[in-house]
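> model this:
(3 chains)
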Amino acid sequence: MLDYLSKLNEQQYKAATCVDGPLLILAGAGSGKTGTMTHRIAYMIKEKNINPYNILAVTFTNKAAGEMRGRVEDLCGRYPGMWISTFHSSCLRILRKEADKLGYDKNFVVYDTVDQKAVAKAIIKELELDEKIFAPAYILSVISDNKENQISASDFLIKAGSFGPNKTLASCYTMYEEKLKSNNALDFDDLILKTVELFEKFPDVLSAYQNMFKYIMVDEYQDTNMLQYKLIKLLAGSTKNICVVGDDDQCIYEWRGANIQNILSFEVDFPGAKIIKLEQNYRSTGNIINAAHSVIENNKGRKDKKLWTASDDGEKIEYYRADDDKEEARYIAAKINKLKREDPTLSFKDFAILYRTNVQSRRFEECFGSLGLPYQVLSGLRFYDRKEIKDMLCYMRLILNPKDDISLIRVLNEPKRGIGDKSQQNIQTVARLNGWNLLEALGSDVVLDGLSSRARDEAINLVNTIKSLSVEQNNMSVSDLYDTLLFKTGYMKALEDMHTVEADGRVDNILEFKSVIAEKEKECSEADETLTLESFMEGLALVSDIDNHDPDADSVSLMTLHSAKGLEFKVVFMPGMEMGLFPSYRSMDKGDNLEEERRLCYVGMTRAKERLFLSSAELRMLYGKTDFTSESPFLSEIDKKYLTGHAVYDKKKKNISSDRFNPVSKYNGNDSYVSPIAAAYNAKTRASSIVQKATLAGVEVLPGDKVEHEKFGVGTVIKSEDNVLTVVFDGCGTKNLAKDLAPLKKV
DNA sequence: GACATATCTAAAGCC
DNA sequence: TAGATATGTC
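Numbering: from 1, shown residues only, chains lettered A, B, ... in the order given. Model prediction:
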């Protein structure tokens, strides 16, 4: 066996050396997937003498691509410009070369989610739509769905018919496409879509790329959507040297278009495909693996496979039911300190708290903050989506492309220039009437004369700043340009004058962004190049984030289950194991969605290497209301052999053995759960599920009855305004009444 | 037009 | 509860 391949196990070795023809690698959690893929690339280059530039390896995230590139470099050296990149950046690279064939200017801009939203809002205004019904996010999701399924605006218009909401949506879609086209912009979906169109319309272009990419690899295949699948199928062409790696059990992105069918039916689409399963897990203890398996095996639509591990059983998984969400946070904090005391080799960075929703982080931040426990939160907001960064990016885009109306609108009154809604509309009207872009309109006398004297001065200054920097951009460094922009637009001064904590934070971010630019310039000068604004922005177009998770910082990591995919920690906590929270109440109507939640649970559990702690809170405050909760059905799916824990009601008795463990939620066998809490959530929309009857220890209670809770004392049952049975406790506020709730007794 | 106050609503987030 | 947006006031 070749030296560098000797670390691979038998299955991994098979996968790494099977190079020709279609191959599906089913790689379970922690099975050494990335290692196998990188070794496969190294094998192709070193042993098969395949030209590195004939290999295309696509991933979903920049982080994954970067990691893969780094590991390939370690194995077989650096090949600059090798095609190891995300779907979107591969397509961007192709389109930069070929966009003119599709009638686009090659220097098109890429609109991100924020830009798209701005376009959608403009459309809503123009069509005078009711934003309640046609919310920007809704319109955009319809457009995105269509694009992912390669349905054009005109196709959709035909499909939509001549009336009803679909007709309106079709007009939105059409206008959206017109606006992007006239701004010379593509959105993220377009990057894939236009590349597919390019290949379909120009067979010669396709065959050139087919010749180039003789070997194709796709990571996280379970997350591909229909269009991405089509793209790689086109590229794989007749050679069919395509290797896809994925795990159907880790498909947690169906809600944004991932099609799990792509992995389930790979063999059908590529007849003769080899399938290799990587089932040995190198990450977790036996108990963790087995417990995770006992949950995931409840899913129906999945490939049959079972992870195993050569490591010991390890400790059992622990479950704790806390009194409330605050106590849950205290419990976890105390547990972290205790574990660290008992095992001095553990440091804070070995701990992660994985929750279902971002709002859950608050309790932990409060608690950890007061205890002085170091933590880092991976928030949902990306660096580049922050307002101040986005504003600066828009200024820079305007310098590159003064025609970019969406960017101009964004920064027109930022900082405040006295050019508000009314003036903005005037500018747009003038632009439309004269066929000008907005910057031209803004600088015209017609517009300027209609402004107040302050606004007039500001407008002239803005137009001049953009125009002169646009001319000068190649005579100055990007850093200098950035500074000039901050100064001349008055952006920095406006922030500094605010003297608020928030504004200071924004200033910090703006300086942080400057160091990003400086870093890029340094990289460039080392390679004896000068960084141009154009190349800087180009590199940024698809960068999702300055990776804000620092695995080396010695702090506890707090993040959602979704963002934990691909990571691992010695000790993992999964709080909020409650019906309605996890699984999310929005997933509980349809069996399919519930399966995705279950996969999410599986992903979370398999992040743990040594210890796994699950917890729930009996009372949780959500949306300013405190509710009783039921335990998550996933808890009862875990085989009790691997689990130890207490139900809160028995806490006084202490040391409850695991066979006494009995979560209160019930599975109705129909792959949906009937829960009083869920019913309460749904009460406004679904009359049939309103909780109008509650039974406590076999005794029915009705409004007006007195009930007693072991901790909250006596309360009265009432029917709340949303028609849900509720108990009012003296001094304890109002709580929704959950059916069969053990600590409540009728008195 | 800018700022203050009232009202509404609530998942996950890759490129 | 808290953030985002709609409405009201100077």
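> Next secondary structure after the lengthiest helix in chain A?
Ranked by residue count and defined by DSSP state H, the top helix of chain A is helix A:501-526. Remark: after helix A:501-526, the chain's next helix or strand is helix A:533-540, criterion DSSP states H and E.
> that older thread, the longest helix of chain A packs against which elements?
Applying 3 or more Cβ pairs under 8 Å, 6 or more residues apart in numbering; DSSP states H and E, one finds that helix A:501-526 contacts helix A:387-400, helix A:478-488, helix A:491-498, helix A:533-540. Yep, even glycine has a C-beta here, placed from its N, CA and C like the rest.
> 6 Å - rerun?
Here helix A:501-526 touches helix A:387-400, helix A:478-488, helix A:491-498, going by 3 or more Cβ pairs under 6 Å, 6 or more residues apart in numbering; DSSP states H and E.
> roughly how far out does the helix or strand following the first one sit from the chain middle?
This points to helix A:387-400. The first helix or strand that comes after helix A:387-400 along the chain, using DSSP H and E, is helix A:405-412. Chain-centre distance of helix A:405-412: 27 Å, with Cα atoms, centre = their mean, to the nearest Å.
> Check stretch A:192-205 too.
28 Å.
> neighbouring contacts of it?
With Cβ atoms under 6 Å, 6 or more residues apart in numbering as the test, stretch A:192-205 has contacts from A:91, A:94-95, A:98, A:102, A:147, A:206, A:227-228, A:230-231, A:234.
> and if you look at stretch A:525-541?
Against stretch A:525-541 from outside (Cβ under 6 Å, 6+ apart): A:110, A:473, A:478, A:520-521, A:524.
> Most tightly packed of the helices and strands packed on helix A:501-526?
Comparing these by mean neighbour count (mean count of other Cβ atoms under 10 Å), helix A:387-400 comes out on top with a mean of 21.
> Please name every helix or strand in contact with it.
helix A:405-412, helix A:453-472, helix A:501-526.
> circling back: least reliable of the helices and strands packed on helix A:501-526 by average pLDDT, please.
Lowest mean pLDDT within the helices and strands packed on helix A:501-526: helix A:491-498, a mean of 84.
> quick one: that helix near DNA strand B?
No: residues of helix A:491-498 contacting DNA strand B under Cβ under 7 Å from any atom of the strand: none, with a closest distance of 9.1 Å.
> Would you mind pulling the contact partners of that helix?
For helix A:491-498, the external contacting residues (Cβ under 6 Å, 6+ apart) are A:415, A:486, A:503, A:506-507.
> how distant is it from the center of its chain?
Centroid separation between helix A:491-498 and its chain, computed with Cα atoms, centre = their mean, is 32 Å.
> what's the angle from that helix to helix A:478-488?
Orientation of helix A:491-498 against helix A:478-488 (axes from the mean of the first three to the mean of the last three Cα atoms, to 10 degrees) gives an angle of 50 degrees.
> Report the angle between helix A:491-498 and helix A:405-412.
If you take the same axes, to 10 degrees, helix A:491-498 sits at 40 degrees to helix A:405-412.
> Neighbouring strands - and their directions - for the strand or helix carrying A:Val58?
Secondary structure from DSSP H and E places A:Val58 in strand A:55-59. Listed by DSSP bridges, the sheet partners of strand A:55-59 and their directions read strand A:83-86 (parallel), strand A:215-218 (parallel).
> what does it contact?
The contact list for strand A:55-59 (Cβ under 6 Å, 6+ apart) reads A:65, A:83-84, A:86-87, A:90, A:213, A:215-219.
> How about stretch A:418-428?
Contact with stretch A:418-428 is made by A:412-413, A:438, A:441-442, A:447, A:450, A:452, A:454-455, as judged by Cβ under 6 Å, 6+ apart.
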